[in-house]
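**Q** attaching a predicted model along with its sequence, questions to come.
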Amino acid sequence: MTSADDPTPPTPPTPDETGPAPASATGADLRRGPLRVGDRVQLTDPKGRLHTITLKDDATFHTHKGYFRHSELIGRPEGWVVTNTAGIEYLALRPLLSDFVLSMPRGAAVVYPKDAGQIVQMADIFPGARVVEAGVGSGALTMSLLRAVGDAGELHSVERRDDFAQIARGNVESFFGGPHPAWRLSVGDLADVLPDAVEDGTVDRVVLDMLAPWENVDVVARALTPGGVVVCYVATATQLSRTAEALRGDGRFAEPSAWESMVRGWHLEGLAVRPQHRMIGHTGFLVTARRLADGVAPPERKRRPAKGSYAGAEATTSAEWTEDDLGERSVSDKKVRRARRDSGAGAAGTDPDAT
C-alpha cells in the first residue's frame with residue numbers, strides 16, 4: 001500500500017507520536033512504533049539503491065528526480081512507501097544493525113556483519129557476560145557485543161587511538177540512542193589498561209582486533225576465567241600463524257581453532273536463480289582458544305608439521321608490526337576528523353572513560 005493509493009490515510013499522528021522516542025538503554029524504543037523525528041530511515045528506490053536520512057521537521061529529501069517532504073513519513077509505520085513529486089516510490093524502513101554498520105561514519109575499517117555474527121556465536125557471547133574488547137575501531141563490533149551481553153552484562157572496550165575512540169562512542173550512542181549501561185570505553189594499550197581494570201580470572205570472553213594480538217596473550221590469559229574464550233580477528237595468514245603459535249606456546253590455552261567465512265548472495269528473478277557475480281570474500285581470519293584451569297598442561301597435540309615450519313619463527317616476528325607491513329592503507333587525519341564530526345563524537349576533549 002502506498003500513500004498515493006490509500007484512499008483513507010491513517011489519522012494524523014499526535015505530537016507524542018512524532019516527537020523523539022523516549023530514552024532507552026538498549027535503544028529498543030528506537031526500533032518500534034511509528035517513524036518519528038530524529039529517526040534514521042533507510043529509503044530503497046525502484047532500482048534497489050539505498051538512501052539513508054534522518055527525519056526532521058520541515059525537511060525534504062531531494063534527488064535529481066523530484067523530492068518529498070519528511071513530514072510524509074513522520075507518524076507513518078515502518079514499511080511505508082512514499083512517492084516523490086516525480087512519481088518515484090521509496091520504501092521506508094529503519095536500518096538494521098548490519099545496514100547501520102556499513103553506512104555509519106568510520107575512521108578505521110569496520111568488522112563486517114558476517115564476521116561480527118561469527119564472533120558472537122562462536123565465542124558464545126551470552127547475556128550477562130563480562131567481555132573485554134581490544135581494538136574498537138569505529139565501533140561496529142562493539143554494537144553486536146553490547147546487543148549480546150545485554151543490560152546486565154559488561155563490555156570493556158580498549159582503543160589505542162583517542163580519535164578512533166571518539167568516533168566509536170559517537171556511532172554506538174547514535175545507534176542505541178544514548179550511552180549503553182553495560183559499556184565502558186578506555187583509551188590506551190590493552191597490556192596497560194586490563195590489569196588495573198579487572199581482577200585476574202574474572203573475564204568470560206576477550207575479543208582482540210589488532211595488528212599483533214600475540215603481544216597480549218599473557219595479559220589475556222591472566223584476565224580470563226577457566227573455560228573462558230579468546231577470539232582474535234586478523235587480516236593475514238602471517239598474523240594467523242603467529243597468533244596460533246603464541247596461544248599454543250603460552251601453555252594456558254587449549255588447542256586453537258581458525259576459520260574464515262565468505263558470503264555469496266543469489267540473484268532471484270523468476271526462473272533466473274543463480275549466484276550473484278559479486279560476493280563478500282576474504283575480510284579476515286578468526287582464531288579462538290579456551291582458557292585452561294590454572295596449573296593444567298594442555299594434552300600433547302599429535303601433529304606432523306612440515307620440515308622447518310617452526311624454524312626461526314620468533315626471529316622473523318620480533319619487530320613491531322605496522323599497517324604498512326600488512327599492506328593496509330593508513331587512515332588520513334582529514335578522514336578521521338570528518339568521521340568524528342559525522343558520528344556526533346563531539347569535542348576532541350571528551351573523556352572516553354566517562355560513563
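**A** Cool, the structure landed.

**Q** the strands in the stretch 201-350 of the chain, which residues?
**A** Ranges of strands in the stretch 201-350 of the chain, per DSSP state E, counting those that start in this stretch, are 203-208, 224-234, 257-259, 263-269, 272-280, 285-290.

**Q** adding mean pLDDT, write these out as TSV.
**A** Output for the strands of the stretch 201-350 of the chain, formatted as TSV (pLDDT from 0 to 100):
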stretch	mean pLDDT
strand 203-208	98
strand 224-234	96
strand 257-259	94
strand 263-269	89
strand 272-280	87
strand 285-290	96
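
**Q** and those, which is most packed in?
**A** Neighbour counts (mean count of other CB atoms under 10 Å) averaged over each of those peak at strand 203-208, with a mean of 26. Yep, even glycine has a C-beta here, placed from its N, CA and C like the rest.

**Q** partner strands of that strand and their direction?
**A** Strand 203-208 sits in its sheet next to strand 130-134 (parallel), strand 224-234 (parallel), going by DSSP bridges.

**Q** returning to what we had before: and the strands of the stretch 201-350 of the chain as JSON lines, adding distance to Gly251?
**A** As requested, the strands of the stretch 201-350 of the chain are exported to JSON lines (distance: least, CB to CB, whole Å):
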{"stretch": "strand 203-208", "distance to Gly251": "17"}
{"stretch": "strand 224-234", "distance to Gly251": "14"}
{"stretch": "strand 257-259", "distance to Gly251": "17"}
{"stretch": "strand 263-269", "distance to Gly251": "36"}
{"stretch": "strand 272-280", "distance to Gly251": "37"}
{"stretch": "strand 285-290", "distance to Gly251": "12"}
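
**Q** which one of those strands lies nearest to Val110?
**A** Closest to Val110 of the strands of the stretch 201-350 of the chain, according to CB to CB: strand 224-234, at 11.3 Å.

**Q** wait, Ala237 sits on Val287?
**A** No. The pair Ala237 / Val287 is not scored as a contact, 11.2 Å apart, by CB atoms under 8 Å.

**Q** stretch 100-114: how far from the chain's middle?
**A** 6 Å (CA atoms, centre = their mean, to the nearest Å).

**Q** which SSE is the residue nearest to Ala197 when sequence neighbours are not counted in?
**A** Spatial nearest neighbour of Ala197, chain neighbours left out: His156 (6.0 Å); criterion: CB to CB, 6 or more residues apart in numbering. Following DSSP states H and E, one finds His156 within strand 154-159.

**Q** taking strand 130-134 as reference, get the angle to that strand.
**A** Orientation of strand 154-159 against strand 130-134 (axes from the mean of the first three to the mean of the last three CA atoms, to 10 degrees) gives an angle of 10 degrees.

**Q** strand partners of strand 154-159, parallel vs antiparallel please.
**A** When DSSP bridges is applied, strand 154-159 pairs with strand 130-134 (parallel), strand 183-187 (parallel).

**Q** next SSE after it?
**A** Using DSSP H and E, the helix or strand that follows strand 154-159 in sequence is helix 162-176.

**Q** circling back to that earlier point, so which of the strands paired with strand 203-208 is nearest Arg76?
**A** That would be strand 130-134 among these, by CB to CB, at 37.1 Å.

**Q** residues in contact with that closest one?
**A** Residues from elsewhere that reach strand 130-134 (CB atoms under 8 Å, 6 or more residues apart in numbering): 125, 141-142, 145, 149, 153-159, 190, 194, 198, 202-210, 216, 220, 223.

**Q** kindly export that strand (C-alpha atoms) in PDB.
**A** Output in PDB follows, covering the C-alpha atoms of strand 130-134 (Å, rounded to 0.1, in the frame of the first residue of the first chain):
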ATOM      1  CA  ARG A 130      31.900 -10.000  31.200                       C
ATOM      2  CA  VAL A 131      33.600  -9.200  27.900                       C
ATOM      3  CA  VAL A 132      36.800  -7.300  27.000                       C
ATOM      4  CA  GLU A 133      37.200  -5.900  23.500                       C
ATOM      5  CA  ALA A 134      40.600  -4.500  22.300                       C
END
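
**Q** between the next helix or strand after that strand and strand 183-187, how big is the angle?
**A** Counting by DSSP H and E, the next helix or strand C-terminal to strand 130-134 is helix 140-149. Comparing the axes of helix 140-149 and strand 183-187 via the same axes, to 10 degrees yields an angle of 150 degrees.

**Q** could you figure out how far helix 140-149 is turned away from helix 162-176?
**A** 50 degrees.

**Q** which other helices and strands contact helix 140-149?
**A** helix 97-103, helix 113-122, strand 130-134, strand 154-159, helix 162-176 (3 or more CB pairs under 8 Å, 6 or more residues apart in numbering; DSSP states H and E).

**Q** low-confidence ranges in the chain?
**A** Counting by pLDDT under 70, the chain has low-confidence residues at 1-26, 303-329, 345-355.
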